[in-house]
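> no sequence for this one, just the structure:
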């Protein structure tokens, strides 16, 4: 009996041990399964992440900012749609809303809360209009409020083209992520995959869609099949160029515009070319296909029976008919839109109307009895009517005239009431980098082609290497000792020291400069500090005394774009390293813990009233209050977050950006 009991206990122990082993194995298998599931889920998510851009959204209710005003500029109209009995037009000055009697009802800009003024692509769906805001993303408007969709990294969702399909699907062309399909909280890669990253044009419907690219030709999507057309000959023919600038047409005939002309595609194959040698800006289908070119508006002679045979082009005289008579159309038409029995031309010089593209005259849209010849020039009736919105420099002269330098449109000078005194733009003065008012009444204008010196509004000197300047590409000028007689010019090959208007000494890397590329300068005490691509060099009595870089100082980056002296400190703006300061004893201070690291724009640092203003590449304005040792940021109400220049009056501050110029009353701060 006892032996039996012992035997039973042994069996129980064995059974319990076996159960424990089975339980352990089960738990191990469960953990293994969970690990595999997590790995698979993670892998699937990683794959999904590679093929999607996750978006954030922000509702914007239009509200004008008190104390902020935009200086007017020549209207550059981009695209237009009709929505709820109104015409909406994207432009360099925001979203324009017109009623059907051609009266401007409202203009929505950065002052209403939009992320920028520069709006381009535009389409409509059943419940909203959608527009591209460049690197700021995608914006929709339902008639009362906007909603902005944007990516954490702006380059992932820099929108360049839009297509709204009848199915309700919204295609989004981007500059770096190719073609995406909008899904609200994300935008996913279009399938089948298109290799091109930079999409320039989208056109189509439920039957077929065409995708134009910057340098890889065009794709035609029909019944789920993609066909590529490029400059290199293929099975379906070839384009005149790989850069696509415009697309128009439908399933029967499609027209692809390029910088070298137009290609017609029929039944999925290249049929013939038109307007060869002309740069195509936009296309439209009227009684005939129309092309807006660098030589004006032309009609394509599609009635000609010629077809491409073994690569032979049509005779030039049969390809198109130029409309060069008076009233033939404004220059640089970005799009053509049917309107009220005629056509609207949305152009770089405004909006125009004609009752016939081939035979009618043109009038400025919304202005009666205005001939095309009168309307083709900028409307200068408004005070401070800017020639362009890409601002690069600002300054006031001794008569309080406002000087405005442009990135590639020369300069304007306005009197205190806003009357334009001059607009100077030629092959020398077009890319303006900096403006410096000298005490003797002269204005030094730094350009990419040399140094222009004005007396009043008259150009007196244009200084290049022939006159002793070390290099013609001048980034900025700086007064030495606070006099008009001694000053310097910072260039791409070093600096030139001036006495009066004559260069007397050149300094470059062999003389101790940290780098030949000099971007900025500022003085503190007896020293002048030079910001270069390789750090900061210190100028004392006509020689380079020493230099700072990231290895021997508190500099966060060697590329120095801005310098400004304030309350005994030299503030340093860098490209990528944000802002630091250094005092006369060489003690450095870094502000990245408070404001982060970012890119400061060239010579976009200015001091006024105990405040330091710094313009950044993509974060608006950083403002430092010395009395409070406090930083604040200004982003709302700016035409762009890319801030390039500052100007100051007794009651206002001017802030220049690459998308416009805003005037802010001091009490608005």
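Here it is on my side, so go on. The model shown is predicted, which means the values in this text are computed figures rather than measured ones.
> so where's this protein uncertain?
1-13, 16-20, 23-26, 28-30, 32-49, 304-329, 366-381, 482-484 (pLDDT under 70).
> who's in contact with the residue most central in space within the chain?
The chain has residue 134 as the residue nearest its centroid, 6.3 Å off, counting by C-alpha atoms, centre = their mean. Counting by C-beta atoms under 8 Å, 6 or more residues apart in numbering, residue 134 makes contact with 116, 118, 120, 158, 159, 160. The C-beta positions use only the backbone N, C-alpha and C, and glycine is treated the same way.
> residue 547 - that's part of a strand, no?
Yes: looking at residue 547 with DSSP: H, G, I helix; E, B strand; the rest coil, it is inside a strand.
> just to revisit the earlier point, out of the contacts of residue 134, who's nearest residue 102?
Relative to residue 102, the closest of those is residue 120; by C-beta to C-beta it sits at 22.7 Å.
> that closest one sits in which helix or strand?
Residue 120 is part of no helix or strand, with elements assigned from DSSP states H and E.
> a markdown table for the contacts of residue 134, including secondary structure?
Formatted as a markdown table, the contacts of residue 134 follow (three-state DSSP):
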| residue | secondary structure |
| --- | --- |
| 116 | coil |
| 118 | coil |
| 120 | coil |
| 158 | coil |
| 159 | strand |
| 160 | strand |
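> what residues of stretch 615-627 count as buried?
Neighbour-count burial for stretch 615-627, counted by 16 or more other C-beta atoms under 10 Å, picks out 615, 616, 617, 619, 620, 621, 622, 623, 624, 626.
> that stretch spans what distance, first to last residue?
This stretch, stretch 615-627, spans 21 Å end to end (C-alpha to C-alpha, to the nearest Å).
> can you get me the start-to-end distance on stretch 631-647?
20 Å.
> I misspoke; the intended subject was stretch 650-668.
First-to-last distance for stretch 650-668 - C-alpha to C-alpha - comes to 14 Å.
> hmm, back to that, make JSON lines out of the contacts of residue 134 and add distance to residue 144 and neighbour count.
Formatted as JSON lines, these follow (distance: C-beta to C-beta, whole Å; neighbours: other C-beta atoms under 10 Å):
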{"residue": "116", "distance to residue 144": "20", "neighbour count": "23"}
{"residue": "118", "distance to residue 144": "23", "neighbour count": "27"}
{"residue": "120", "distance to residue 144": "23", "neighbour count": "18"}
{"residue": "158", "distance to residue 144": "27", "neighbour count": "21"}
{"residue": "159", "distance to residue 144": "22", "neighbour count": "28"}
{"residue": "160", "distance to residue 144": "27", "neighbour count": "19"}
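> from those, which is closest to residue 147?
Distances from residue 147 to these, taken by C-beta to C-beta, are shortest for residue 159, at 14.0 Å.
> wait, that closest one sits on residue 172?
Yes: between residue 159 and residue 172 there is a contact at 5.8 Å, judged by C-beta atoms under 8 Å.
> now stretch 288-307, how far from the centre of its chain.
32 Å (C-alpha atoms, centre = their mean, to the nearest Å).
> show me where this protein has its helices.
In the chain, the segments counted as helices under DSSP state H are 2-50, 316-319, 372-375, 592-595.
> quick one: contacts for residue 100?
Residue 100 touches 85, 86, 87, 340, counting by C-beta under 8 Å, 6+ apart.
> mind doing that once more with 7 Å?
Counting by C-beta atoms under 7 Å, 6 or more residues apart in numbering, residue 100 makes contact with residue 85.
> test of understanding: give the bridge partners of residue 573.
residue 562, residue 579 (DSSP bridges).
> report the separation between it and residue 536.
Noted for residue 573: a distance of 11 Å to residue 536, by C-beta to C-beta, to the nearest Å.
> of the two, who's got more company?
Counted by other C-beta atoms under 10 Å, residue 573 and residue 536 do not tie: residue 573 has more neighbours, with 31 against 25.
> that one reaches residue 616, doesn't it?
No: using C-beta atoms under 7 Å, residue 573 is not in contact with residue 616; the gap is 8.5 Å.
> what do those two both touch?
Joint contacts of residue 573 and residue 616 (C-beta under 7 Å, 6+ apart) are residue 600.
> before we move on, the earlier item: which of the contacts of residue 134 sit farthest apart?
Within the contacts of residue 134, 116 and 160 form the most distant pair, 14.4 Å apart (C-beta to C-beta).
> ok so, going back, list residues touching both of residue 159 and residue 172?
In contact with both residue 159 and residue 172: residue 138, using C-beta under 7 Å, 6+ apart.
> what ranges does the stretch 301-450 of the chain have for its strands?
Assigned by DSSP state E, counting those that start in this stretch, the stretch 301-450 of the chain shows strands spanning 320-322, 333-339, 342-347, 350-354, 363-364, 391-396, 402-406, 411-414, 420-424, 432-437, 442-447, 450-455.
> got a markdown table for those, with distance to residue 104 and mean neighbour count too?
Shown next, in a markdown table, are the strands of the stretch 301-450 of the chain (distance: least, C-beta to C-beta, whole Å; neighbours: other C-beta atoms under 10 Å):
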| stretch | distance to residue 104 | mean neighbour count |
| --- | --- | --- |
| strand 320-322 | 33 | 18 |
| strand 333-339 | 15 | 21 |
| strand 342-347 | 14 | 24 |
| strand 350-354 | 10 | 24 |
| strand 363-364 | 12 | 20 |
| strand 391-396 | 24 | 24 |
| strand 402-406 | 25 | 25 |
| strand 411-414 | 24 | 22 |
| strand 420-424 | 23 | 18 |
| strand 432-437 | 31 | 23 |
| strand 442-447 | 35 | 24 |
| strand 450-455 | 37 | 21 |
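> out of those, which is closest to residue 282?
Of those, nearest to residue 282 by C-beta to C-beta is strand 333-339, at 5.0 Å.
> that closest one vs strand 350-354, what angle?
Computed by axes from the mean of the first three to the mean of the last three C-alpha atoms, to 10 degrees, the angle separating strand 333-339 from strand 350-354 equals 40 degrees.
> which residues does strand 333-339 contact?
77-80, 281-282, 284, 290, 292, 297, 343-348, 353.
> now stretch 76-92
Residues from elsewhere that reach stretch 76-92, judged by C-beta under 7 Å, 6+ apart: 73, 75, 95-100, 105, 117-124, 129, 131, 143, 334-335, 337, 344, 346-348, 350-351, 389.
> quick one: buried residues of that stretch?
Quick answer for stretch 76-92 (16+ other C-beta under 10 Å): 76-81, 83, 86-92.
> likewise stretch 103-111?
Applying 16+ other C-beta under 10 Å to stretch 103-111 flags 107, 108, 109, 110, 111 as buried.
> report the separation between the closest residue in space to the second one that isn't next to it in sequence and residue 148.
Yep, that's residue 108 we're talking about. The shortest distance from residue 108 to any non-neighbouring residue, by C-beta to C-beta, 6 or more residues apart in numbering, is to residue 95 (4.3 Å). Distance, residue 95 to residue 148, using C-beta to C-beta: 13 Å.
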